[in-house]
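> my questions are about this predicted structure, shown below with the sequence.
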Amino acid sequence: MERPTETRAMMNAAGIGTILQLVMVIAGNFSPAVASLFAVLGMLISMIAGGMYAAWAGAARSRAAGGGAIAGGVCGLIGIAASVAMGDVETSLLLFGTASSAVTGAIGGLLTSAVLGRRKALA
C-alpha cells in the first residue's frame, strides 16, 4: 500500500514538472530558439520531476525509479500534448516523447535516491 507521503510527493513533483513543461511550451511557441530545445529541455524537466519525487518520497531506489518514471512521464505527456495542440510538434511525438520523458524521470529518481541514500548512510 502506498504511503501518503509518496502520493503527495508524486502529485507535487508531477505538478511542478507540468508547470515547467507548459512554461517551456508557451515560450517555445513564441521563440524558435526555445522550440529548438524542446527535446533536451523537456527531458531535463522530466528528470528534475523524477528527482523531486525521489527526494520528497524518501523511497528506496526501485520505488524512486518507478515513481520518477511516472512523474516524468505525466509531466512530459501533458507538455507534449500542449505543444501538439499549439501546432508546434507532430502528434506522432506523443508516444516517443512520453516514453523518453518517463525514462529520464526514472533516471532522475535513481540518481537522486543514490545521492540522498549516500548522504543518509554517511550521516
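Thanks, I have the structure now.
> so which residues of the chain form helices?
Using DSSP state H, the helices of the chain run over residues 4-30, 32-35, 38-57, 61-85, 93-122.
> so which elements touch the longest one?
The criterion is 3 or more CB pairs under 8 Å, 6 or more residues apart in numbering; DSSP states H and E, and the helices and strands that helix 93-122 contacts are helix 38-57, helix 61-85. For the C-beta atoms, the positions are set from N, CA and C on the backbone; glycine is no exception.
> circling back to that earlier point, and the helices of the chain as JSON lines, adding mean pLDDT and mean neighbour count?
Shown next, in JSON lines, are the helices of the chain (pLDDT from 0 to 100; neighbours: other CB atoms under 10 Å):
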{"stretch": "helix 4-30", "mean pLDDT": "94", "mean neighbour count": "18"}
{"stretch": "helix 32-35", "mean pLDDT": "95", "mean neighbour count": "12"}
{"stretch": "helix 38-57", "mean pLDDT": "96", "mean neighbour count": "24"}
{"stretch": "helix 61-85", "mean pLDDT": "96", "mean neighbour count": "23"}
{"stretch": "helix 93-122", "mean pLDDT": "87", "mean neighbour count": "19"}
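> I'd like to know which of the helices and strands packed on helix 93-122 lies nearest to residue 28.
helix 38-57 (5.7 Å; CB to CB).
> the inter-axis angle of that closest one versus helix 93-122?
Between helix 38-57 and helix 93-122, the angle comes out at 40 degrees (axes from the mean of the first three to the mean of the last three CA atoms, to 10 degrees).
> how far does helix 38-57 sit from its chain's centre?
Remark: helix 38-57 is offset 4 Å from the chain centroid, using CA atoms, centre = their mean, to the nearest Å.
> quick check: angle from it to helix 61-85?
Using the same axes, to 10 degrees: helix 38-57 against helix 61-85 is 140 degrees.
> only the C-alpha atoms, please, for helix 38-57, written as CSV.
Output of helix 38-57 as CSV, limited to C-alpha atoms (Å, rounded to 0.1, in the frame of the first residue of the first chain):
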residue,chain,number,x,y,z
PHE,A,38,12.1,21.2,-26.7
ALA,A,39,13.6,17.7,-26.6
VAL,A,40,16.5,18.5,-24.4
LEU,A,41,14.6,20.8,-22.1
GLY,A,42,11.6,18.6,-21.9
MET,A,43,13.6,15.6,-20.8
LEU,A,44,15.6,17.7,-18.4
ILE,A,45,12.4,18.9,-16.8
SER,A,46,11.2,15.3,-16.6
MET,A,47,14.5,14.2,-14.9
ILE,A,48,14.0,17.0,-12.4
ALA,A,49,10.5,15.9,-11.7
GLY,A,50,11.7,12.4,-11.1
GLY,A,51,14.4,13.7,-8.8
MET,A,52,11.9,15.8,-6.8
TYR,A,53,9.7,12.7,-6.4
ALA,A,54,12.6,10.6,-5.0
ALA,A,55,13.7,13.4,-2.7
TRP,A,56,10.3,14.1,-1.3
ALA,A,57,9.1,10.5,-1.0
